[in-house]
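# Give the three-dimensional model of this entry:
(3 chains, ligands or ions: 2)
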Amino acid sequence: MAGFREASGDLQLESVTKTFGDFTAVDDIDLHVPRGSFFALLGPSGCGKTTTLRMIAGLEQPTAGRVLIGDTDLTGSRPYERPVNTVFQSYALFPHLNIRDNVAFGPKRRKAADTAKRTDDALELVQMSGFATRKPSQLSGGQQQRVALARALVNHPEVLLLDEPLGALDLKLRREMQVELKRIQTEVGLTFIHVTHDQEEAMTMADTVAVMNRGHIEQLGAPAALYDLPRTRFVANFLGQANTGVGIIKDTDGDHIVADVLGTPVKILKSRSQVHDGEVLFGVRPEKVTVSRTQPEGAGNDVKGVVRDVSFLGVATSYLVDMPSGTTWSCYEQNLDVEPLDLRPGDEVWLTWNAGHAFGVPA
Amino acid sequence: MTALAHAAVDPGADPAAPAPRATKRSWTAYVLLLPGALWLGVFFLLPLVQLASVSLQSRYPGFPGYYYRDVNLDNYASALTDYAPHFARSFLYAGLATLLAFVVAYPLAYAMAFKAGRWRNLMMICVIAPFFTSFILRTFAWSQILADEGWVAGTLNFLHLLPGGNIINTPVAVIAGLTYNFLPFMVLPIYASLERADPRVIEAGGDLYANGFTTFRTVTLPMSMPGVLAGTLLTFIPAAGDFVNMELLGPQRGKMVGNVINDQFLAIPGGYPVAAALSFTLMAAILVMVFLYVRRFGTEELV
Amino acid sequence: MSTTSPPASATSARSTAYRPSAAKRAQVWLANHFAILSAILVLLYLFLPVAYTFAFSFNDHGKTNIVWQGFTWEHWQDPCGVPGVCGSLVTSLQVGAISTVVATVLGTLMALAMVRYRFRGKSASNVLIFVPMATPEIVMGAALLTIFVQGFANIGIDLGFTTIVFSHIMFCLSFVVVTVRARIQSLDPRIEEAAQDLYASPMQTFWKVTFPLILPGILGAAMLAFSLSFDDFIITNFVSGNENTFPKFVYVASRRGIPAEANVIGFSMFVIAVLLVVGAQFVSSVRASKVKE
Ligand SMILES: Nc1ncnc2c1ncn2[C@@H]1O[C@H](COP(=O)(O)OP(=O)(O)O)[C@@H](O)[C@H]1O
Ligand SMILES: [Mg+2]
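Residues are numbered from 1 along each chain as shown, chains lettered A, B, ... in the order given. Ligands and ions are numbered 1, 2, ... in the order given. Sure thing, here's the model as predicted:
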């Protein structure tokens, strides 16, 4: 293997930028992905996820910045020189080769001594041993997906890139494959970079999630941390649901700032707000809001609204409540009470939440 | 087999294919391109330049077959005046043959695309196979079929449908020969574009318009326009330059421009300059027509 | 056209279940089968002259083979019996083979460049490829004749086999480029990227992935090139000098009546081509069904 770069360690992107003409697809990204972690790159379609992956794979060269694995700088090297493999969005299986030859393609190019055994093992791992002599066109989408995974895994790359690998599968198969992928990652212990636009998928699978928007990374962290304390408006809205309102910060009260949201004073912990004066977008997650028929005493953060819609979900009930500000909040109450609330559309209700659960981001 | 169909249809891009990403930019492209481009340069462009220069040459008086370099526009004047009727006939016969070929080819292409099922490939072979008996042999066979003693003329005369008495050695025979010879070039592109069309769209059209003809006019035909465009060009261009059908099937007088060019070059000593001028005029006229035609009816970039 | 005659409609009115009249049914049947019926008619039309060629290969003709004079096997027993006919066939096959190989190789390289690269002069190249297809053969033949006579003859290349091959490669080239280009364009570029991602160098990517996938297109282009070259008369007539190709032999002979031996050869080529193509189709479908098992 002429030019093959042995490299091992954490994946690092340093100030990576990619422009196409005068369009910036990826804008000055810094990333550090520890070896062996399951990392998700989450963002809406067109935000630059695929472009980022392609730069890691070497299929695209960054306009500026560096790509490193461990201490080895891979910038400028060709795809076949990198210890990185990709599961393509459309699988890109070789239509003229059978499944076994598809999987054996990488080891053969690297002249691996144990190609046959590795191929068998990889097919075993994805439970496709029985299909070794078929052609890709004779497999279902889910099966093709497994083969694409085996074809990449068989090379034991330092970093495995998965570009919306489950995007083409139906919902049920998708849930199954999410569990399966997680199992395989734990089993082989490789660094997985999983690109998706499905926030639920990212949150259930990844150790770390990076939320991308318009070519840059908005926020990066453990799924629970991102959900609990988003740092930008985009993350707040993209990850899960958020009830939000724009306010002006008027005051402080001990550890809290107090914002005026259309006449209602709202408290946010200073440590949970990214802004401390001027405009703020405050938010609370639906399950953190309590619905009651009467104004609770002493809670502080409370607003009166009108129920628009009630859906009973079994374990919980979800309410849509029209707020005086003109927005609609969504609230999610577990059905724990002995005596149910029994609200109807049109009823007036009070919504309250603990100030410690609210967050503030730049408006 | 389908390759021929695509070849014929597709001077442009395949709309069904994923967007090609011509991202690589390197000198490799020139290395790949060079041998072929050089070949076209030496054996297509250079000869055209030479032809252009010949078309302006003058004869040495008294030395048939010898010329000197000149800018003699008389050759063009002669081409455009003396031979105007030949041009007119060429374009008229080629145009009629193209129209007829379209009418004959469309049902065949349609049946191949939508009705043939597993017979599709066999039908494709049937369309192409006659190529392999030399086209001169087949044209000669037509001269036998259309001969005065043949059954076609016999039947028509019996029915008093042939007032002139014969078909062979008339323009009708020439147009029939042109239609026949270039038919595959009409069938294959239309077939290729119909094959790419989604039959469900046509069914939907059938639901919207009860009338079969309306469905055809508003749904099927527009979908096959790229193929019709390519097919008409691939039929018209060779038909307009042909001389073999006229030679084997046509009358003694009233030839086409192809016959004149052929005779001037190969039979008449000293005919080079006028023949070159005729060739150039023919090519220019066809290119202009193609350009206007593609501008008017082109559904996609042809070049 | 009247669709229902009065007695027929009376019958259908009397019967309880609606039963269209015979004429009506015939009309519906015709409408449903119009395309396929006309297709069969057109195919018969395409084959009619081939059938004539076949029939007249058995004609026991004297000087001219124009009218039917009686049956004989003679011409099939010795197809080379007429001077020059087999020589011209061999020339045509040689010209076809050489032109096909060269045009297919050069054309495939050009097609690769045209689809896979961006470069200065791309649209000029496109025009250079398109214009030969839009130029009548007679113009190309005339142009080639002038350059061969007034240019190439001076460097020792006279009209003959070489000039025929040069010309055939030229007019086959554009058709090859267009055919192969369509095939490459329909190829998902990610498949090649996947190969690179799996450690295949550019050369390996081409030979292990790209080439096998575009091969059907290349073979189709080669077949097209061969049939164009084998059947060409107009250009060949200009650039061949004293060399005889099969179409030229037939054309020259047609003045006096084509000898039945030429019919034998022409029809045999047709049969061979059909058998080759049908055979290839059969083999590939057998292979496909084997894989499915
Ligand atoms: N080769 C290219 N040329 C021009 N623009 C491109 C190219 N590749 C991607 N883009 C643009 O870059 C943006 C990001 O694309 P991509 O990384 O594919 O997004 P994602 O995978 O997040 O959906 C898109 O707007 C896309 O149109
Ligand atoms: Mg993408």
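# CA atoms for contacts and neighbours, from now on please.
Noted.
# B:Thr28 - how many residues pack around it?
B:Thr28 sits with 13 neighbouring residues when counted by other CA atoms under 10 Å in any protein chain shown.
# If we ignore the residues flanking it in sequence, what's nearest it?
Spatially, and ignoring its direct neighbours in sequence, B:Thr28 is nearest to C:Ala113 (7.9 Å; CA to CA, 6 or more residues apart in numbering or on different chains).
# C:Trp68 now?
Computed as CA to CA, 6+ apart, the closest residue to C:Trp68 that is not its neighbour in sequence is C:Asn59, at 6.0 Å.
# all helices of the stretch 1-150 of chain B, in order?
Counting by DSSP state H, counting those that start in this stretch, the stretch 1-150 of chain B has helices at residues B:2-9, B:28-40, B:46-54, B:74-81, B:84-110, B:120-128, B:135-145.
# try chain C
C:6-14, C:22-56, C:74-77, C:85-116, C:122-130, C:137-150, C:161-185, C:189-197, C:202-205, C:211-231, C:234-239, C:246-254, C:260-292 (DSSP state H).
# now chain A
Remark: helices assigned in chain A by DSSP H are A:49-57, A:99-109, A:115-125, A:141-153, A:171-188, A:199-205, A:223-228, A:233-238.
# Spit out the contact partners of the spatially most central residue of chain B.
Taking CA atoms, centre = their mean as the criterion, B:Thr235 is the residue nearest the geometric centre of chain B, at 2.6 Å. Applying CA atoms under 8 Å, 6 or more residues apart in numbering or on different chains, we find B:Thr235 in contact with B:Ala94, B:Thr98, B:Ala101, B:Phe182, B:Leu183, B:Phe185, B:Met186.
# run the last query once more with 7 Å
Residues in contact with B:Thr235 (CA atoms under 7 Å, 6 or more residues apart in numbering or on different chains) are B:Thr98, B:Phe182, B:Phe185, B:Met186.
# burial measure for A:Val361, as a count.
Using other CA under 10 Å: A:Val361 sits among 23 other residues.
# any idea how far ligand 1 is from it?
24 Å (CA to the nearest ligand atom, to the nearest Å).
# any idea what the residue nearest to the centre of chain B is structurally, helix, strand or coil?
helix (DSSP: H, G, I helix; E, B strand; the rest coil).
# returning to that earlier point: compare the contacts of B:Thr235 and tell me which is most surrounded.
Among the contacts of B:Thr235, B:Met186 has the most neighbours (other CA under 10 Å), with 31 neighbours.
# A:Thr196 against A:Glu164, yeah?
Yes - counting by CA atoms under 7 Å, A:Thr196 touches A:Glu164, with 4.9 Å between them.
# Which one's more surrounded, these two?
Comparing A:Thr196 with A:Glu164 by neighbour count (other CA under 10 Å), the higher total belongs to A:Thr196, at 24 against 21.
# Mean pLDDT lowest where, among the helices of chain C?
Ranked by mean pLDDT, the helices of chain C bottom out at helix C:6-14, with a mean of 42.
# rewinding a little: so for ligand 1, which of the helices of chain A sits nearest?
helix A:49-57 (3.5 Å; CA to the nearest ligand atom).
# Is chain B within reach of that closest one?
No - counting by CA under 7 Å from any CA of the partner chain, chain B has no neighbours in helix A:49-57; the shortest distance is 13.4 Å.
# What's the local residue count around the closest residue to chain A within the stretch 1-150 of chain C?
Residue nearest to chain A within the stretch 1-150 of chain C: C:Arg118 (14.1 Å; CA to the nearest CA). Neighbours of C:Arg118 under the rule other CA under 10 Å: 17.
# And for B:Val219?
Neighbours of B:Val219 (other CA under 10 Å): 18.
# roughly how far apart are it and B:Val201?
Distance check for B:Val219 against B:Val201: by CA to CA, to the nearest Å, it reads 8 Å.
# tell me the pLDDT at the residue in chain B sticking out farthest from the centre?
Going by CA atoms, centre = their mean, the residue of chain B most distant from its centre is B:Gly62, 39.6 Å out. With respect to pLDDT, B:Gly62 scores 72.
# And for C:Thr16?
The predicted local confidence for C:Thr16 is 51.
# Spatially nearest residue to A:Pro62, not counting backbone neighbours?
Using CA to CA, 6+ apart, the nearest residue to A:Pro62 is A:Lys18, at 5.1 Å.
# number of nearby residues for the residue in chain A positioned nearest to chain B?
Distance from chain B to each residue of chain A (CA to the nearest CA) is smallest for A:Glu60, at 9.6 Å. If you count neighbours by other CA under 10 Å, A:Glu60 ends up with 17.
# go on, the one 5 residues further on?
A:Gly65 has 16 neighbours, counted by other CA under 10 Å.
# try the one 4 residues further on
As a burial measure, the neighbour count of A:Ile69 was computed by other CA under 10 Å and equals 25.
# So what touches stretch A:113-121?
With CA under 7 Å, 6+ apart as the test, stretch A:113-121 has contacts from A:Arg100, A:Val103, A:Ala104, A:Pro107, A:Lys108, A:Ser129, A:Val154.
# quick one: the residue of chain A closest to chain B and A:Thr52 touch, right?
No - contact criterion CA under 7 Å: A:Glu60 and A:Thr52 do not qualify, at 8.6 Å.
# Map the structural domains onto the sequence of chain A.
Annotated domains of chain A cover A:11-228, A:241-361 [automatic domain parsing].
# Need the distance between the two termini of the shortest one.
Meaning domain A:241-361. Domain A:241-361 end-to-end distance (CA to CA) = 15 Å.
# Kindly report the same for the longest one.
Across domain A:11-228, the straight-line distance between its terminal residues is 27 Å, by CA to CA.
# what residues are up against A:Leu239?
Neighbouring residues of A:Leu239 by CA under 7 Å, 6+ apart: A:Gln199, A:Tyr227.
# Over to it: give its phi and psi.
phi -90, psi 110 (degrees, to the nearest 10).
# what about it, distance to ligand 1?
Taking CA to the nearest ligand atom, one finds A:Leu239 at 16 Å from ligand 1.
# Quick check: buried residues in stretch A:180-190?
A:Leu181, A:Ile184, A:Gln185, A:Leu190 (16 or more other CA atoms under 10 Å in any protein chain shown).
# sorry, that was for stretch C:144-155
Within stretch C:144-155, the residues that qualify as buried are C:Leu144, C:Leu145, C:Thr146, C:Ile147, C:Phe148, C:Gly151, C:Phe152, counting by 16+ other CA under 10 Å.
# Let me know whether the fourth one touches B:Leu48 as I believe.
No - if you go by CA under 7 Å, C:Ile147 and B:Leu48 don't touch, sitting 8.4 Å apart.
# got a list of what A:Pro157 touches?
A:Pro83, A:Val84, A:Asn85.
# Would you list the phi and psi of it?
Torsion angles, degrees, to the nearest 10, at A:Pro157: phi -70, psi 160.
# is stretch B:245-253 up against chain C anywhere?
No - no part of stretch B:245-253 sits near chain C under the criterion CA under 7 Å from any CA; the closest distance found is 8.1 Å.
# got a list of contacts for that stretch?
For stretch B:245-253, contacts defined as CA under 7 Å, 6+ apart pick out B:Thr139, B:Phe140, B:Ser143, B:Ile168, B:Asn169, B:Thr170, B:Pro171, B:Ala173, B:Val174, B:Gly177, B:Leu178, B:Lys255.
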